[in-house]
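S.K.: Generate coordinates for the sequence data below:
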Amino acid sequence: MKVVILCGGKGTRMGNAEIPKGLFPIGGKPVLWHVMNIYASYGFTNFVLCLGYKGDRIRDYFRKIRAWKIEFVDTGLNTNTGGRIKKVERLIQDNLFFATYGDGVADINLKQLLRAHNTQRRLATITVVRPYSPFGIVGVDSHTQMVTHFEEKPILDHWINGGFFVFNKEVFGYLKESDILEKHSFARLLQDKQLCAFKHTGFWKCMDTYKDNRELNEIWKHNNEAWIKRSG
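M.R.: Below is the predicted model of the structure:
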C-alpha cells in the first residue's frame, strides 16, 4: 500500500516563511519525517509526497533517504487538499491506499485502522480524535451563578478529523482538482454513505503553529516514542 502525504501548504502560522511546514524540526528531524516514520514502523514505506510550497526543499531532504521508496509530485502552489490527492491518481495502482497530512502525529495503530476499514466495506475511513480544549473551563451554577470549579484544558466531547485516512481507489471518482477534501470530497462520500470513522483515543497532536512545534519538541525530549506504537 502506498501512503499519500499532503505536504504542500505554506504553514503561514509557523512564523518562518523560508521553511516549508513539513521541514520544521522535532528532535532534529522534520515533522514530515516523523509522520513517515509512523507508517514505516508498521512496514509501510512506499510514499507519495504531494508537494507545493518550497517543494524543492522537501525533495532535496528526502531524496537522500534510501530506506524508503519516495515519489515526489508537484501538485501546485495553491491547490486544495482534495485536488492534491486527485493529482496523484495515476500513481495509485492498488485497490487501497493510505493518506494523511504532513504535520500531524499520533500513536495510532495502523493495522487496526486498516482492519476497521476493511470491515466497514466503504470507500473511505477517516480517523477521528477528541482534542484538548485550548482554554481552561469554568463551571458555573445555572441558578446561583456561582463558580463551581475550574478545569484546565480538558478533552472535548466532540470528535474531529485527525487525518490518517484509508481510501479505496474508487474514491478518486469523488475528487475534483478544485476540491477541499474535508469540505467537498467528504460531503459527496457522506451523501453516498461511503465515509466511516475510526476512533483513536491515544496520543494525537497536529502542528498548526510555532507554539505547537515547541510543544512537540518538549514531548519528544521527554519521550521520543510518544507517537510510535509498534503493535498489531
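
S.K.: Neighbours of the closest residue in space to F135 that isn't next to it in sequence, how many?
M.R.: Nearest residue to F135, sequence neighbours excluded (Cβ to Cβ, 6 or more residues apart in numbering): K153, at 6.8 Å. (Glycine included, C-beta is placed from N, CA and C.) For K153, the neighbour count with other Cβ atoms under 10 Å is 12.

S.K.: right, and K153 touches P131 too?
M.R.: No: at 9.8 Å, K153 does not count as touching P131 under the criterion of Cβ atoms under 8 Å.

S.K.: Check the residue nearest to F135 and give its pLDDT.
M.R.: Listed pLDDT for K153 reads 78.

S.K.: show me the contacts for the residue found closest to T81 once you drop the neighbours it is linked to in the chain.
M.R.: Counting by Cβ to Cβ, 6+ apart, T81 lies nearest to L181, which is 3.9 Å off, once chain neighbours are set aside. By Cβ atoms under 8 Å, 6 or more residues apart in numbering, the contact set of L181 is 80-82, 85, 175.

S.K.: For the longest helix seen in the chain, give me every contacting residue.
M.R.: Longest helix in the chain, counting residues (DSSP state H): helix 210-222. Residues outside helix 210-222 that contact it (Cβ under 8 Å, 6+ apart): 13-16, 24-27, 31, 105, 205-207, 226.

S.K.: List only buried entries from those.
M.R.: Burial by neighbour count, judged by 16 or more other Cβ atoms under 10 Å, picks out 14, 24, 26, 31, 105, 205-207, 226 from these.

S.K.: looking at this protein, which residue ends up farthest from its center?
M.R.: T144 (43.9 Å; Cα atoms, centre = their mean).

S.K.: that older thread, using CSV, write out every CA atom in the longest helix of the chain.
M.R.: The C-alpha trace of helix 210-222 is given here as CSV (Å, rounded to 0.1, in the frame of the first residue of the first chain):
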residue,chain,number,x,y,z
TYR,A,210,5.0,27.5,16.1
LYS,A,211,3.7,27.0,19.6
ASP,A,212,2.6,23.5,18.6
ASN,A,213,6.1,22.9,17.3
ARG,A,214,7.7,23.9,20.6
GLU,A,215,5.2,21.7,22.5
LEU,A,216,6.0,18.7,20.2
ASN,A,217,9.7,19.2,20.8
GLU,A,218,9.2,19.2,24.5
ILE,A,219,7.1,16.0,24.2
TRP,A,220,9.9,14.4,22.1
LYS,A,221,12.5,15.5,24.5
HIS,A,222,10.9,13.5,27.4
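
S.K.: Buried by neighbour count: which residues of it qualify?
M.R.: The neighbour-count criterion (16+ other Cβ under 10 Å) identifies 212-213, 216, 219-220 as the buried residues of helix 210-222.

S.K.: same question, stretch 4-23
M.R.: Those would be 4-9, 11, 14, 19-23, for stretch 4-23 by 16+ other Cβ under 10 Å.

S.K.: Then stretch 197-207?
M.R.: Under 16+ other Cβ under 10 Å, the buried positions of stretch 197-207 are 198, 200, 203-207.

S.K.: gap between it and the chain center?
M.R.: 9 Å (Cα atoms, centre = their mean, to the nearest Å).

S.K.: thinking again about what came up before, closest to R59 out of the buried residues of helix 210-222?
M.R.: Using Cβ to Cβ, N213 comes nearest to R59 of these, at 21.7 Å.
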